[in-house]
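K.L.:
Quick one: sequence plus predicted model below, questions after.
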Amino acid sequence: MEFVDISYSAAARTDAQRQFDVYLPTDAVPSPPPPLLVFIHGGAWRAEDKGDHKKLARGLAAATRYSVAVVNYRLTPRDPPGDDHFQHPGHAEDLLDALLFLTTWQGPSAVGPVYNPAHLYLMGHSCSAHMLTSIFLDSSSITPSLTPTASLCDAVKAITLSEGIYDLELLLSDFPNYREWFIAPTFGRRGSYAPFSTTTFPLIATHIKWLIIHSSGDTLINTSQSERMYHHLCVLNGNEAPTRVFRNINRLSGDHNDVLLGLDYVDIVKDFVLNHA
């Protein structure tokens with residue numbers, strides 16, 4: 001059972017970029033409602049759509065027996081003429097709005113609740129890994145609008161991050177052409193993007209479990225991004241890191257988005273969320 005094009009913005013109910021889809025693990029509404037997996041797509045803050053990930057969402061729902069939501073957010077224009085356009089932190093603000101909505105939504109009017117809003121498992125791929133770490137690590141010194149509520153933090157049990165962008169200066173050192181391609185349009189033209197690197201942000205919630213995934217075959221984002229975030233989370237969690245912070249950087253071999261198409265990715269996520277439910 002699937003429900004599509006649900007608005008999470010009261011101010012923009014017809015905006016397709018502020019909508020989400022929900023996929024249920026069965027043809028009937030589960031009872032009691034299961035936890036919710038929330039997948040947020042990548043696309044360099046300027047591309048992709050929730051509809052691109054239907055196969056992944058259906059696979060995750062079938063494997064975990066959880067409901068799955070796939071969320072859209074507004075995108076930065078591909079070729080903006082200047083800096084007067086939609087950019088960071090707007091994408092993550094949309095995501096935060098969506099997550100807050102998902103903690104209060106009562107489900108489709110015809111069927112009622114289709115997941116347990118007190119048990120959320122979040123998944124960010126590529127640039128949305130940066131968005132999630134901007135929200136669930138403490139970025140208040142640079143982007144206070146991304147501060148989550150205590151109730152949202154309590155609802156989030158675990159976060160999976162795959163092929164993620166975290167350290168913008170390291171990214172530009174590895175891929176200098178990314179500056180003009182999408183970093184400057186997304187964050188504005190700056191001498192340094194270090195303030196936006198989420199590998200420097202403090203911890204907010206200590207109960208959240210983290211899984212960092214990276215494919216050895218990714219040609220768009222180097223493994224050093226994921227290694228840096230993994231080690232940062234380990235430092236933040238201290239002695240509790242072995243039970244809160246996990247990584248998988250040797251099982252996948254596909255390229256950046258190709259990893260989302262195979263069964264291995266679904267299996268990795270399934271094993272993580274079911275072991276930390």
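P.N.:
Thanks, I have the structure now. Numbers count the residues shown, from 1 in each chain.

K.L.:
In contact with the closest residue to H119 other than its chain neighbours, which residues?
P.N.:
Among residues not flanking H119 along the chain, P35 sits closest, at 3.7 Å (CB to CB, 6 or more residues apart in numbering). To be clear about C-beta, it is placed using only N, CA and C from the backbone, and glycine gets the same treatment. By CB atoms under 8 Å, 6 or more residues apart in numbering, the contact set of P35 is Y66, S67, Y115, N116, H119, L120, Y121, K157, V273, A277.

K.L.:
which of these count as buried?
P.N.:
A residue is treated as buried here by neighbour count (16 or more other CB atoms under 10 Å); on that basis the buried members of those are Y66, S67, Y115, N116, H119, L120, Y121, K157, V273.

K.L.:
Show the model's pLDDT score for the fourth one.
P.N.:
Think N116. At N116, the predicted lDDT confidence score is 97.

K.L.:
Does it touch S31 like I think?
P.N.:
No - contact between N116 and S31 fails when scored by CB atoms under 8 Å: they sit 11.2 Å apart.

K.L.:
Pull out the buried positions in stretch 153-170.
P.N.:
Counting neighbours by 16+ other CB under 10 Å, the buried set in stretch 153-170 is 153, 155-168, 170.

K.L.:
Ends of that stretch, what's the gap?
P.N.:
Stretch 153-170 has an end-to-end distance of 29 Å (criterion: CA to CA, to the nearest Å).

K.L.:
where exactly do the strands run in the stretch 101-250 of the chain?
P.N.:
Listed in chain order, the strands of the stretch 101-250 of the chain (DSSP state E, counting those that start in this stretch) span residues 120-125, 156-162, 209-213, 245-248.

K.L.:
Looking at those, spot the one closest to P148.
P.N.:
strand 156-162 (8.1 Å; CB to CB).

K.L.:
Okay, now the sheet partners of that closest one, with direction.
P.N.:
Strand pairing for strand 156-162, using DSSP bridges, gives strand 120-125 (parallel), strand 209-213 (parallel).

K.L.:
Let's have those in CSV, adding mean pLDDT and distance to N250.
P.N.:
Output for the strands paired with strand 156-162, formatted as CSV (pLDDT from 0 to 100; distance: least, CB to CB, whole Å):
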stretch, mean pLDDT, distance to N250
strand 120-125, 98, 18
strand 209-213, 98, 10
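
K.L.:
which one of the ones you listed is the most hemmed in?
P.N.:
A comparison of these by mean neighbour count, using mean count of other CB atoms under 10 Å, puts strand 120-125 on top with a mean of 26.

K.L.:
residues in contact with that one?
P.N.:
Residues lying outside strand 120-125 but in contact with it, judged by CB under 8 Å, 6+ apart, are 35-42, 66, 99, 102-103, 130-133, 136, 155-164, 257, 260, 269, 273.

K.L.:
Apply 6 Å and report the result again.
P.N.:
36-40, 42, 132, 155-162, 273 (CB atoms under 6 Å, 6 or more residues apart in numbering).

K.L.:
Among these, which pair sits farthest apart?
P.N.:
The two members of the contacts of strand 120-125 with the most space between them (CB to CB) are G42 and A155, at 23.4 Å.

K.L.:
where does the residue lying farthest from the centre of the chain land on pLDDT?
P.N.:
Relative to the centre of the chain, the most outlying C-alpha is that of A110, 28.7 Å out, by CA atoms, centre = their mean. At A110 the predicted local confidence, pLDDT, stands at 86.

K.L.:
List phi and psi for it.
P.N.:
The phi and psi values for A110, taken as degrees, to the nearest 10, are phi -80, psi -20.
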